[in-house]
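> structure for this input, please:
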Amino acid sequence: MNKKHIYIYSPSSAVREKPAFRRGVAWLRAQGHEVEIDEAALSAQQRFAGDDATRIAAIARAAASGADVALASRGGYGLTRILDGLPYKAVAKAIERGTAFVGMSDFTAFQLAVLARTGAATWSGPTLCGDFGAEEGIDEITAACFDDLVEGYGEGTGWRLPARDEVPGFKPIRGATLWGGNLAVLCSLLGTPYFPQVDKGVLFLEDVGEHPYRIERMLEQLRLAGVLARQKAVVLGQFTGYRAAPHDRGFKLQTVVERLRSQIKAPVLTGLPFGHVPTKVLLPVGAAVDLAVEGKEAFVVWGHGVGGSRHAAPHDHHGHAH
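Residues are numbered from 1 along each chain as shown. Have a look, this model is predicted:
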């Protein structure tokens, strides 16, 4: 493996799990990477990794670092507060020079704002503490997908569709913009200058701790705002960490998916291995992708030179959800 320069910074919530932070750094260094830790990575002010100005400065340092990967330490909350102050031009230039910005969850706000303001692509993927620093060790597929990114081999991903959710007669989609991320964060940007206006895109979504009725309510907001009608496909990742309520009476996530299918023309695919789960593929937000279904397998494929990653020989890694 080629040694890569990985810059760790904290744009959202404060790092409370110091052992996870240390484990994550140790794992990356054990892979032979040069890990640079931002001066404010372990700062804390209230629930945040430092005040707003501190976190804006950390993002600017990440953009100036020349790193191969700028990796968020964790998600949580805090990026929405600073979208007006982010150094978008510097971030876009860093991406152009080859820095891949990687993160998820609250990081969705950064990703969508960068896409809306500059058109540059970033990566939805693991975070330092939650994935590389997981107590049980990083998931093998997540690690392999990250390797593909840093080695420049990642050109796509595939997964097995859940049995009940096969999509007969799916027509391949070519050259559509992939975008999305955390559903609640994405909905919170609707109607702002930081919500990308993507037509004929492939929208992927995940969330954690949101009951199916809240997921449906957010999907309805996107539908009523006309966002879903403009997409070529909607791809649902993992929705985890919620508890059924006694009065649901059979209303569940599958109910939400079936209703969504009846409400929009675009196909709805499920089972994407991405979300607040150990197994997560890396997805280029803002890149042109092809989406195809062959039998029970779905494939998302993207081209060379996406989102700042330095590409070499072609290689596919198919991340199958467990």
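> any idea which element residue 101 lies in?
Here residue 101 sits within strand 100-103, counting by DSSP states H and E.
> C-terminal to that strand, what's the next element?
That would be, after strand 100-103 and using DSSP H and E, helix 107-118.
> contact partners of that following helix?
11-12, 59, 72, 75, 79-80, 83, 86, 88-89, 91-92, 95, 101, 103, 120-122, 124, 127, 179-182, 185-186, 188-189, 193-197, 285-286 (CB atoms under 8 Å, 6 or more residues apart in numbering). Heads up, the C-betas are built off the backbone N, CA and C, glycines and all.
> distance of residue 217 relative to residue 268?
Residue 217 is 17 Å from residue 268, where distance means CB to CB, to the nearest Å.
> who has more neighbours, the two?
residue 268 (21 against 13; other CB atoms under 10 Å).
> against residue 80, how distant is the more buried one?
For residue 268, the distance to residue 80 - CB to CB - is 27 Å.
> again, but for residue 219
Counting by CB to CB - residue 219 and residue 80 are separated by 20 Å.
> who has more neighbours, the two?
residue 219 (24 against 18).
> other SSEs contacting the helix or strand the more buried one falls within?
Element membership for residue 219 (DSSP H and E) is helix 212-224. On a contact count with 3 or more CB pairs under 8 Å, 6 or more residues apart in numbering; DSSP states H and E, helix 212-224 meets helix 183-188, helix 253-263.
> most packed of the ones you listed?
Stretch with highest mean neighbour count among these: helix 183-188 (a mean of 21; mean count of other CB atoms under 10 Å).
> show the average pLDDT along it.
When pLDDT is averaged over helix 183-188, the result is 98.
> elements contacting it?
Secondary elements touching helix 183-188 (3+ CB pairs under 8 Å, 6+ apart): helix 107-118, strand 201-208, helix 212-224.
> before we move on, back to that, can I get the helix holding residue 219 in PDB? Just the C-alpha atoms.
Extracted in PDB, the C-alpha atoms of helix 212-224 (Å, rounded to 0.1, in the frame of the first residue of the first chain):
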ATOM      1  CA  PRO A 212     -40.500   5.300  10.500                       C
ATOM      2  CA  TYR A 213     -43.200   7.900  10.800                       C
ATOM      3  CA  ARG A 214     -40.600  10.600  11.000                       C
ATOM      4  CA  ILE A 215     -38.700   9.100   8.100                       C
ATOM      5  CA  GLU A 216     -42.000   9.200   6.100                       C
ATOM      6  CA  ARG A 217     -42.600  12.800   7.100                       C
ATOM      7  CA  MET A 218     -39.200  13.900   5.900                       C
ATOM      8  CA  LEU A 219     -39.600  11.900   2.600                       C
ATOM      9  CA  GLU A 220     -43.000  13.600   2.200                       C
ATOM     10  CA  GLN A 221     -41.400  17.000   2.700                       C
ATOM     11  CA  LEU A 222     -38.900  16.100  -0.200                       C
ATOM     12  CA  ARG A 223     -41.800  14.900  -2.300                       C
ATOM     13  CA  LEU A 224     -44.000  17.900  -1.700                       C
END
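> buried ones in that helix?
212, 215, 216, 218, 219, 222, 223 (16 or more other CB atoms under 10 Å).
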